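[1] Quick check, what structure comes out for this input:
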Amino acid sequence: MNLSPSLLTAAIAGAFSAIALPLLRNWMGDQSGISIPLIIAMVVTVAIPAQAFVVGTTTRTGSGARSLDMALLKRIGVWILAAAVVTGIRWVM
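    Numbers count the residues shown, from 1 in each chain. Presented below is the predicted three-dimensional model:
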């Protein structure tokens, strides 16, 4: 299954990560330090959505395979911006 990432999917992934990770952290309790459940929560709420909806599952081929991917950089920026906006909104509320 090939996923074609876009700016919209990157924004959705960033918002999902910013909403889900604090909720999981509260659900797991206020444990200080790094624990296995926290690592699993990070993988599920940040790494997998980022890979699927920001990076995508297609591979680049041809002469531009090693060049700078501006579309990917834009999607990463939108992903971070969406997460920051949702975090800011949660902080204000």
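[2] Can you give the distance from the lowest-mean-pLDDT helix or strand in the chain to the centre of its chain?
    Least confident helix or strand, the chain: helix 36-42 with a mean of 82, by mean pLDDT, DSSP states H and E. The chain centroid and the centroid of helix 36-42 are separated by 15 Å under CA atoms, centre = their mean, to the nearest Å.
[3] count of residues packed around the residue lying closest to M28 once chain neighbours are set aside?
    Spatial nearest neighbour of M28, excluding adjacent residues (CB to CB, 6 or more residues apart in numbering): P37 at 5.4 Å. Where you see a C-beta, it was placed from the backbone N, CA and C, and this is true even at glycine. Close neighbours of P37, defined as other CB atoms under 10 Å, add up to 14.
[4] looking at it, P37 is touching G29, isn't it?
    No: applying CB atoms under 8 Å, one finds P37 not in contact with G29, separated by 9.3 Å.
[5] dump the residue contacts of the residue nearest the centre of the chain.
    Nearest to the geometric centre of the chain sits A50, at 3.7 Å (CA atoms, centre = their mean). Shown in contact with A50 (CB atoms under 8 Å, 6 or more residues apart in numbering): 13, 17, 79.
[6] What strand or helix carries the first one?
    If you go by DSSP states H and E, A13 is part of helix 7-28.
[7] What residues of that helix count as buried?
    9-19, 21, 24-25 (16 or more other CB atoms under 10 Å).
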